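>>> here you go, sequence then predicted model.
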Amino acid sequence: MKIKEHSVREYTVERKTRINGSEISYKSVSQDWIFTDEAGNEEVSAFTYSYIRTDAADIKRPVLFAFNGGPGASCSQLHLGILGPTRIDFPEPREQRPGETPALIANDASPLDVCDIVMIDPPGTGYARIMDAGAAEKYFSVEGDAHAVALLIEAWLLRYERFGSPIYIMGESYGSIRAPEVVGSLMGGPTYGSLRDIAIPVAGTITIGNIGWDVSSVFSPDPELPEESVMGLPAYAAAHWYHHLSADGTLDRDFVEEAYRFSANEYLPALYMGEALEAAERARVAERLSYFTGIDRDSLLARNLRVTAKDFEALCCAKEGRAVGIYDSRYTMPLSRYTGLLDPVADDAAMGMYMPAFTTVMNGAKREELGIPAGMRYDQINFEVNGRFKYDVSRSPLQCLAQAMRRDPDFRVFVGSGYYDLCTLFTYIRAVINRGKLDAGRVTVKNYEAGHLLYMGEENALAFGRDIRAFICAGNKP
């Protein structure tokens, strides 16, 4: 696995913008990176969008490398949602309508004022391509994918002469797995197979929409975590509050925290007792669950007090004939009248609403802004990559982070989660931190009134942008 020294496609544009109250000048460089085998045969390509500030040239200026997840997802959500100098002006969920394409506006939330930004489309996504379908297999695994991204980061630092810059790695969704694994690949050890020790220090990671970290196969249930019904209850409470108890869409975080305490102190013990739970206590727990979720007591008793995220998707707003979004429970669509397989993107109330906007803007206004010629196909999500991906790991993402902290006393972790995310619950990271396997003093945890994409909406974008900026600035050494 090697990278060619020169790009085939490269598009550079110089612009100015205002961020955080100041005007800055920058250049954007959109380019491909060709991966080959040892003999030089082309296998796959990756594609990057680099934003480099030009009025503050500093070889020690931090660089933030970012990607989304999938696997098989392009970086368009982070690119157009929060990191780039322009972003999509998404309305609030209750105001958004299918088929509408929001405008592309100046992004005051971007951290471009404090760091340069490189966003990555992995092989087979966005403008990145698969040239040799057979050879591509080596890139479609947790460790193969992470090693390829690590090689790309090394190649970028070499090409732009930035080895003196603090490096930050940001990932969303599956990217929250990729980011720690990339850290493990960059910072070295243990050396295994034919992979060389790259030995590039990393200042920290920023992960959002987090999947569980401490697993040998990424999507296997973590045996140390409580079951989904318990972990999900606080997020169900947030959705119930939004749809049925809030007059203006504002979340009562105390209500969510009350649900969290109940899930740990009463709900989990009740499920542990099973059929041995006394009838009066079973009825009391059902009443409390109904209070937090809005689901009627008889339905809860019929389910033996258990409610999965898939159950809740249909039950939360069933009286209104609506299903809530798994990726953002503030969004709804009509309950399906048909049985059978539903599409995980188009048939989710949230993803089905906002994903077409990312595709349309990336193929239109954003492509033009970047100077990319028309006619190049942009693959938003590639399910071929997703279907071929292998998830077994020799080092879990949590191990990679713990090792990075052990090697570097200044290495830090930022974790962001959305209260309305039913796909990657905000309680996952609480449980991981509570187990004490990371130095909690170097972990920043933030929750937002958002779903899987923390930056949807003006207030969330600005809040998350401020937090990214503060996290990076806190690591700047005199």
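Looks like it arrived, so ask away. Since this is a predicted model, take the numbers as computed values, not measurements.

>>> when you work out contacts or count neighbours from here on, use the C-alpha atoms and nothing else.
Fine.

>>> could you give me the average pLDDT of stretch 119-137?
Mean pLDDT, stretch 119-137: 90.

>>> got it, and stretch 363-379?
In this model, stretch 363-379 has a mean pLDDT of 93.

>>> identify the residues contacting it?
Stretch 363-379 is contacted by residues 11-13, 28-30, 74, 104, 124-127, 359, 361-362 when judged by C-alpha atoms under 8 Å, 6 or more residues apart in numbering.

>>> now do the same contact list for residue 66.
By C-alpha under 8 Å, 6+ apart, residue 66 lies in contact with 75, 78, 117, 118, 119, 120, 169, 170, 171.

>>> tell me which element the second one is part of?
Secondary-structure element containing residue 78, defined by DSSP states H and E: helix 76-78.

>>> same check, this time on the third one
In the assignment (DSSP H and E), residue 117 maps to strand 116-121.

>>> contact partners of that strand?
Counting by C-alpha under 8 Å, 6+ apart, residues outside strand 116-121 touching it are 46-53, 61-67, 73-75, 79, 83-84, 127-128.

>>> so how far is that strand off the chain centroid?
Strand 116-121 has its C-alpha centroid displaced from the chain centroid by 14 Å (C-alpha atoms, centre = their mean, to the nearest Å).

>>> go through that strand and flag the buried ones.
Residues 116, 117, 118, 119, 120, 121 are the ones in strand 116-121 that count as buried (16 or more other C-alpha atoms under 10 Å).

>>> what's across from the first one in the sheet?
For residue 116, the beta-bridge partners are residue 63 (DSSP bridges).

>>> tell me how far it lies from residue 400.
Distance from residue 116 to residue 400, counting by C-alpha to C-alpha, to the nearest Å: 25 Å.

>>> go on, the third one?
As defined by C-alpha to C-alpha, residue 118 lies at a distance of 22 Å from residue 400.

>>> what does residue 211 give?
15 Å.

>>> how's the protein carved up into domains?
2-222+354-474, 228-343 (automatic domain parsing).

>>> please identify the deepest-packed of those domains.
Comparing the domains of the chain by mean neighbour count (mean count of other C-alpha atoms under 10 Å), domain 2-222+354-474 ranks first with a mean of 20.

>>> how far does that one sit from the chain's center?
On C-alpha atoms, centre = their mean, the centre of domain 2-222+354-474 falls 8 Å from that of its chain.

>>> could the buried residues of strand 116-121 be laid out in TSV, adding distance to residue 392?
Shown next, in TSV, are the buried residues of strand 116-121 (distance: C-alpha to C-alpha, whole Å):
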residue	distance to residue 392
116	33
117	30
118	28
119	26
120	23
121	22
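
>>> quick one: which of those residues is nearest to residue 420?
For those, the minimum distance to residue 420 (C-alpha to C-alpha) is 25.6 Å, reached by residue 119.

>>> tell me what the spatially most central residue of the chain is bridged to.
Nearest residue to the geometric centre of the chain (C-alpha atoms, centre = their mean): residue 172, 1.6 Å. Beta bridges link residue 172 to residue 208, judged by DSSP bridges.

>>> can you give me the distance of it to residue 344?
17 Å.

>>> for residue 63, same thing?
33 Å.

>>> do residue 372 as well
Taking C-alpha to C-alpha, one finds residue 372 at 30 Å from residue 344.

>>> cool, residue 397 as well?
From residue 397 to residue 344 the distance is 25 Å (C-alpha to C-alpha).

>>> any idea of the pLDDT on the closest residue to residue 382 other than its chain neighbours?
In space, residue 382 comes closest to residue 72 once its chain neighbours are excluded; the distance is 4.8 Å by C-alpha to C-alpha, 6 or more residues apart in numbering. We have a pLDDT of 88 for residue 72.

>>> please work out which residues outside the lengthiest strand in the chain touch it.
Ranked by residue count, the top strand of the chain under DSSP state E comes out as strand 22-36. Here strand 22-36 makes contact (C-alpha under 8 Å, 6+ apart) with 1-4, 6-18, 42-55, 113, 127-128, 152, 370, 372.

>>> so which of those are in strands?
2-3, 10-18, 42-53.

>>> would you map the strands across the protein?
Using DSSP E, strands in the chain cover 2-3, 10-19, 22-36, 42-53, 63-67, 86-88, 104-106, 116-121, 167-172, 204-208, 322-324, 332-334, 412-418, 443-448.
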